[in-house]
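Colleague: Got a sequence here, can you build the structure:
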Amino acid sequence: MKQLLYTNPANVTALIARLALAITIFPHGAQKLLGWFGGNGFAGTMSFLTGAAGLPWIVGLLVILIEFFAPLLLVLGLATRLAALGILGNFIGIVLSAHLHSGFFMNWQAEAGKEEGLEYFILLFGLTLISLIAGGGKASVDALVNHNRP
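Modeller: Residues are numbered from 1 along each chain as shown. The predicted structure follows:
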């Protein structure tokens with residue numbers, strides 16, 4: 001367990017990566033769980049994920065919980081690797097199920113119904129891998145728990 005939380009408390013790169021990742025993912029989770037930022041909230045999201053998307057209810061629930069709570073853990077730098085692993089698994093599933101064949105670009109001006117490309121996910125995976133490798137870094141609870149020294 002201690003190795004899971006180990007991090008260099010002076011690592012500013014880890015701090016930047018986990019905060020950027022948290023700021024990017026949290027609004028998606030807040031849409032799904034709370035209905036913030038124009039989202040459908042828990043009931044609407046579960047209905048979509050289990051209906052139109054065809055996911056089992058447990059997978060839909062995990063998507064919502066990971067996208068909401070993992071960014072909160074990242075902001076704190078608490079169980080950083082576990083939070084990053086949850087995000088990585090969640091978004092690998094999203095890419096494989098909906099975006100893999102959509103090309104590279106976001107396609108914001110493409111015809112209706114076309115999925116987003118892979119460029120956003122490549123950046124997301126890069127930040128996630130930094131958090132997985134480096135841990136929480138500077139200003140993280142992980143560093144405090146381990147009493148690490150730079």
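Colleague: can you give me the helices in the chain?
Modeller: Secondary structure of the chain (DSSP state H): helices at 2-5, 12-34, 41-50, 57-76, 80-94, 119-134, 141-146.
Colleague: The fifth one packs against which elements?
Modeller: This means helix 80-94. Here helix 80-94 touches helix 2-5, helix 12-34, helix 57-76, helix 119-134, going by 3 or more Cβ pairs under 8 Å, 6 or more residues apart in numbering; DSSP states H and E. Glycine gets a C-beta too; all of them are placed from N, C-alpha and C.
Colleague: The most centrally placed residue in the chain: what's it in contact with?
Modeller: The residue lying closest to the centre of the chain (Cα atoms, centre = their mean) is Ile87, at 3.5 Å. By Cβ atoms under 8 Å, 6 or more residues apart in numbering, the contact set of Ile87 is 21, 25, 66-67, 70-71, 124, 128.
Colleague: So for Met46, what's the pLDDT?
Modeller: At Met46, the predicted lDDT confidence score is 98.
Colleague: how about low-confidence regions in this protein?
Modeller: Counting by pLDDT under 70, the chain contains low-confidence ranges at 1, 107-114, 148-150.
Colleague: returning to that earlier point: could you export the helices and strands packed on helix 80-94 as CSV, including mean neighbour count and distance to Thr50?
Modeller: Formatted as CSV, those follow (neighbours: other Cβ atoms under 10 Å; distance: least, Cβ to Cβ, whole Å):
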stretch, mean neighbour count, distance to Thr50
helix 2-5, 12, 32
helix 12-34, 19, 13
helix 57-76, 19, 5
helix 119-134, 17, 23
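Colleague: got those helices as TSV, with distance to Leu100 columns?
Modeller: Output for the helices and strands packed on helix 80-94, formatted as TSV (distance: least, Cβ to Cβ, whole Å):
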stretch	distance to Leu100
helix 2-5	30
helix 12-34	19
helix 57-76	17
helix 119-134	10
